[in-house]
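In: Sequence first, then the predicted structure:
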Amino acid sequence: MPSCPPHPPALRIILPWLSLLLLLTACHQAAAPVAANTMATPALYADSHPLPAKQLEALGRQLFHEPALSASGKQSCASCHSPAHAYGPADGKPAQFGGVDGQQQGNRAVPSLRYLQNVPPFSEHFRDNDGNDSEDAGPTGGFTWDGRAASLHEQASLPLLSANEMANRSPEQVIAQLQASPSASAFAALFGRDIFQDKQAAFRKLVLALEVFQQSPAEFYPYSSKYDAWLRGQATLSKLELRGLQVFNDPTKGNCAACHLSQRQPDGSFPAFSDFGLIALGVPRNKALAVNRDPAYFDMGLCGPLRQDMQRDAYCGLFRTPSLRNVASRKVFFHNGVFHDLRQVLEFYASRDSDPAKWYGHGKTGQRFNDLPSPYHGNINQEAPFGGKAGSRAAFNARDIDAMLAFLQTLTDADVLPASR
């Protein structure tokens, strides 16, 4: 539940079905007949027959569950992004395992794929369209923890080619495996019997189908939580839940709403519970991650090592603020998966600076902010609830935490399993 400097609401809403229309138009145009003297494959379908969105969504759903898209033949997108767990991980592993043998641990915790339709493209100097264009909100947007994927389309392709995820060597390998899979006939039925002749084109269509599926309202942004019903006037929050919302919003206590926007937006849209800004929180190093066995390795988010185009000192340690929708259903938290209990997360916010020994240990081995090299410690956020001195009172107490936990439970969608299951 990151706290950050005042960050304008991200109102650059991506209207899903308009996005779909643009995508399908682009796909349709890309399939136009080519000149006879080229080596490209023929048109995949007639110009007068654009792809039906519902069929593309259905194919994307099938491919999302297709293990043949992985090098191991055993891992699908749904293996890490479970539909029953808000399209996040079903277990509490700090990072999921993949690779050609299924034994390679990922570098980061798996995020939820829900409520990404409002994420703006990454901008180093984000200026919101809320009427105050003069205010620079800083690095904002993009997909993945470091914002390096520019769109849902690009984000959907990354796991397919990641060595510690689905571990394919190339797009051609992905398509060769798709062609031999049970999903091949459905893929060819939609894109044409010649689709597999051009594996690069087929890969683009595969990613398009995954992207379209991930914009399905019922699957990825149902807005079916108790809090959504309360915003509609269809439900009542308990006294404890209302108090939790108050602490959550209070700029002198939780100050959560500074980054995790909790109110309806000026255009009437429901809150995403994220401004999608990038922020450094100084969470403790997770020794359970294989990459962290190397004491010289540091995952510094926006400035690397996975992202290579923003290697600037001021950006080291910054990670994108996730949505808190369905957060109470999760079993692993933060980019490095260091915490496994939501109460512990709130306790960290309350006492990161007032009781650093609790989080970082004592003496030389208990150096504060031990998952970021010391030259970059100045990047770590000090806004409320952070910024207190060691030995001072925590920013909020156990009763406040109980109330916020009750409130955060109201953000769970109706179809999502609780964390205890």
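Out: On my side now, so go ahead. Numbering: from 1, shown residues only.

In: Tell me the helix or strand right after the lowest-mean-pLDDT helix or strand in the chain.
Out: Least confident helix or strand, the chain: helix 16-30 with a mean of 40, by mean pLDDT, DSSP states H and E. As assigned by DSSP states H and E, the chain's next helix or strand after helix 16-30 is helix 53-64.

In: buried sites along that following helix?
Out: Of all the residues in helix 53-64, those buried under the rule 16 or more other C-beta atoms under 10 Å are 53, 56-61, 63-64. All C-beta atoms are positioned from the backbone trio N, CA, C, and that covers glycine.

In: Which residues are in contact with G391?
Out: S354 (C-beta atoms under 8 Å, 6 or more residues apart in numbering).

In: Just the element for it, please.
Out: Following DSSP H and E, there is no helix or strand that holds G391.

In: Begin at 73 from now on, thanks
Out: Fine by me, first position is 73 from now on; the one you just mentioned is G463.

In: For the residue nearest the centre of the chain, which non-adjacent residue is closest in space?
Out: Against the mean C-alpha coordinate of the chain, by C-alpha atoms, centre = their mean, the closest residue is P183 at 4.5 Å. Leaving aside its chain neighbours, P183 sits nearest to P394 (5.8 Å; criterion: C-beta to C-beta, 6 or more residues apart in numbering).

In: Backbone dihedrals for the closest residue to L489 other than its chain neighbours, both of them.
Out: Spatial nearest neighbour of L489, excluding adjacent residues (C-beta to C-beta, 6+ apart): A156 at 5.0 Å. Note on A156: backbone dihedrals following degrees, to the nearest 10 are phi -80, psi -10.

In: And for A156, the neighbour number?
Out: Per other C-beta atoms under 10 Å, the neighbour tally for A156 reads 13.

In: How about P377?
Out: P377 has 14 neighbours, counted by other C-beta under 10 Å.

In: Does it touch D371 like I think?
Out: Yes. If you go by C-beta atoms under 8 Å, P377 and D371 touch, sitting 7.2 Å apart.

In: In this structure F194 contacts T216, no?
Out: No. Contact between F194 and T216 fails when scored by C-beta under 8 Å: they sit 9.8 Å apart.

In: quick one, which of these two is more surrounded?
Out: F194 (25 against 19).

In: Which residues lie in contact with the more buried one in this structure?
Out: By C-beta under 8 Å, 6+ apart, the contact set of F194 is 211-214, 219-220, 222.

In: could I get the residues you listed as JSON lines with secondary structure and distance to H332?
Out: Converted to JSON lines, the contacts of F194 look like this (DSSP: H, G, I helix; E, B strand; the rest coil; distance: C-beta to C-beta, whole Å):
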{"residue": "P211", "secondary structure": "coil", "distance to H332": "17"}
{"residue": "T212", "secondary structure": "strand", "distance to H332": "14"}
{"residue": "G213", "secondary structure": "coil", "distance to H332": "15"}
{"residue": "G214", "secondary structure": "coil", "distance to H332": "18"}
{"residue": "G219", "secondary structure": "coil", "distance to H332": "17"}
{"residue": "R220", "secondary structure": "coil", "distance to H332": "22"}
{"residue": "A222", "secondary structure": "coil", "distance to H332": "23"}
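
In: Return a ChimeraX selection command for the buried portion of those.
Out: The buried residues among the contacts of F194 can be selected in ChimeraX (16+ other C-beta under 10 Å) with this line:
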select :211,212,213,214,219,220
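
In: What is the nearest of the contacts of F194 to L414?
Out: G219 (24.3 Å; C-beta to C-beta).

In: how near is the residue nearest to the closest one when sequence neighbours are not counted to L224?
Out: Spatial nearest neighbour of G219, excluding adjacent residues (C-beta to C-beta, 6+ apart): F194 at 4.3 Å. As judged by C-beta to C-beta, to the nearest Å, F194 and L224 stand 13 Å apart.

In: wait, isn't A491 in contact with V399?
Out: No. If you go by C-beta under 8 Å, A491 and V399 don't touch, sitting 9.4 Å apart.

In: Name the residues contacting each of those two.
Out: With C-beta under 8 Å, 6+ apart, A491 and V399 have common neighbours L414.

In: neighbour-wise, which of the two wins?
Out: The neighbour comparison of A491 against V399 (other C-beta under 10 Å) goes to V399, with 22 against 19.

In: and the protein, what are its domains?
Out: 88-292, 298-481 (automatic domain parsing).

In: and the last one, average pLDDT?
Out: Model confidence over domain 298-481, given as mean pLDDT, is 96.

In: circling back to that earlier point, of the domains of the chain, give the one that comes closest to D487.
Out: Nearest of these to D487, taken as C-beta to C-beta: domain 88-292 at 7.6 Å.

In: what about K325, how many residues close to it?
Out: 19.

In: Specify the local secondary structure of it.
Out: coil (DSSP: H, G, I helix; E, B strand; the rest coil).
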